[in-house]
Structure formats: C-alpha cells, structure tokens
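Trainee: what follows is a predicted protein model with its sequence.
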Amino acid sequence: LGINGIRAVFGEIYPDPVRVVVAGPTVDEILADPKNEEWMKYSIELCGGTHIESSGAAERFAVVNEEALAAGVRRITAVTGDAANQAFDEAEKVRQLLDEVSKVQGSKFKEELVNFRKYF
C-alpha cells in the first residue's frame, strides 16, 4: 500500500482487498498523503479479521485466547453470540469449582486442587 508507518503481522495472510484500521486520522486522510511522516505517530495496521456493522451486532463478546506474536505484538482470539455465551457458561463453571476448592481445608486441599487441574 505504500503507507508510511503501516504495520502487518509477519506470516499473516490478508484478504484482497485488505482492510486498513487506523487509530487517529481517517483512512481517507492517510490515502490522500500516504508518505506523510506524521503517520509514524499513529497505529495504522492491516486487518485480516472479521468485521461487523456495529459492535451491537456481535451481541456478547468473550476473549478465549491471548498470545504473543513478537516483541510488543499480541493477538487475541474472541468469540461472539452463542459461542460467547458458551464461553461465559464455562467460565462460570470454573469459577464455581475454584470457589469450592478454596473452601477446602487441610490435607484434602491438595487432592481437590489436583482434581481441579484435571478439569483443564
């Protein structure tokens, strides 16, 4: 694209055409002057993700994974709708199990903790 400061994730496969996401100026402003040094001050990134018209269309939103891709680069994986509902239900089960384990005293605690870890 020839935009000064644009970032892409190494190894990521982007669709054609690719969407450009900007925190700061508008994409139209950047495309009108792509070599402007000012753009180095902003986050301008290629995006290969799924897009919706508004955040309300996603209904519920749950982050199910987070990982490092490179120094200073993180990736989250999230689900929406029914999959998000399932993720929240599963998280509630884990919270309840952890609550039960935290109430155990003495020598039973280690056994309960081992059983809790088996859940995963």
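Mentor: Ah, there it is.
Trainee: quick one: buried residues of the longest helix belonging to the chain?
Mentor: Using DSSP state H, we find that the single longest helix of the chain is helix 81-102. By 16 or more other CB atoms under 10 Å, the buried positions in helix 81-102 come out as 84, 87, 101. The C-beta positions use only the backbone N, C-alpha and C, and glycine is treated the same way.
Trainee: so how far is residue 59 from the first one?
Mentor: To residue 59, residue 84 is 7 Å away according to CB to CB, to the nearest Å.
Trainee: quick check, pLDDT for residue 43.
Mentor: Confidence at residue 43, expressed as pLDDT, is 88.
Trainee: who does it form a beta bridge with?
Mentor: residue 23 (DSSP bridges).
Trainee: hang on, it packs against residue 23?
Mentor: Yes: between residue 43 and residue 23 there is a contact under CB atoms under 8 Å: 4.2 Å.
Trainee: ok so, going back, can I get the buried residues of helix 81-102 in TSV with pLDDT and distance to residue 94?
Mentor: Converted to TSV, those look like this (pLDDT from 0 to 100; distance: CB to CB, whole Å):
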residue	pLDDT	distance to residue 94
84	96	16
87	97	11
101	90	10
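Trainee: and residue 43 and residue 23? Which one has more around it.
Mentor: Shown here are residue 43 and residue 23; by other CB atoms under 10 Å, residue 43 has more neighbours (12 against 8).
Trainee: sec struct for the spatially closest residue to residue 4 that is not a sequence neighbour, please.
Mentor: Computed as CB to CB, 6 or more residues apart in numbering, the closest residue to residue 4 that is not its neighbour in sequence is residue 39, at 4.6 Å. Secondary structure for residue 39, judged by DSSP: H, G, I helix; E, B strand; the rest coil, is helix.
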